[in-house]
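Peer 1: Predicted model, plus sequence, below.
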Amino acid sequence: MKKINDKTISEIADHIMMGERCFLDKKTAAIHHFPADIDDLLMAFSEEEEEYINAVAELEKIEDAIENYIEFEPLTSSESYDIMDDFVYEMQNSTLKEKLIHALNNKSPFANFKYLIDHSDQRQNWFDYRKKAYETHVRKTLEITE
């Protein structure tokens, strides 16, 4: 397998953060990404039928030769929740930390967490933390498949 650099890891992390499936070609390190759901793929290319047909054909080609690729899927809700939870517990004690703990332990944890973070001075820290967590996930997946 070709050596994977930090830029490639970051790009894969970005795609799975956006809810896309990513395939890394083991020989070339080329990245192919698609919406996670085939219906989303149709919507993504609804204006351009030819692009949709080409995207489906590319995905089928990859799936037919899956042994030549490493697949990265979007994180589950549980995995995403764990990242938020880890972020909160690493925060210094503060009023925001207590609010975030409360948000995560009640109804609509994702929406409430997002609202609190978006209206705080920790927004960029959260984005940086989440990005690093996704990159770590990509690196672990690469280690497992080597």
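Peer 2: Sure thing, it's come through. Numbering: from 1, shown residues only.
Peer 1: In the helix ranked longest in the chain, which residues are buried?
Peer 2: Longest helix in the chain by number of residues (criterion: DSSP state H): helix 123-145. Neighbour-count burial for helix 123-145 flags 126, 129-130, 133-135, 137-138, 141-142 (criterion: 16 or more other Cβ atoms under 10 Å). (Each C-beta comes from the backbone N, C-alpha and C, glycine too.)
Peer 1: contacting residues around that helix?
Peer 2: 4, 9-10, 12-14, 16-17, 70, 72, 75, 79, 83, 86-87, 90, 117 (Cβ atoms under 8 Å, 6 or more residues apart in numbering).
Peer 1: Among these, the buried ones, what's the ChimeraX command?
Peer 2: Those of the contacts of helix 123-145 that count as buried under 16+ other Cβ under 10 Å are selected in ChimeraX with:
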select :4,9,12,13,14,16,17,70,72,75,83,87,117
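Peer 1: circling back: how far does the longest helix of the chain sit from its chain's centre?
Peer 2: Relative to its parent chain, helix 123-145 has a centroid offset of 8 Å by Cα atoms, centre = their mean, to the nearest Å.
Peer 1: Give me the helix or strand of the protein that scores worst on average pLDDT.
Peer 2: The least trusted helix or strand in the chain, going by mean pLDDT, DSSP states H and E, turns out to be helix 38-44, with a mean of 64.
Peer 1: rewinding a little: which of the contacts of helix 123-145 fall in strands?
Peer 2: Members of these lying in strands (criterion: DSSP state E): 70, 72.
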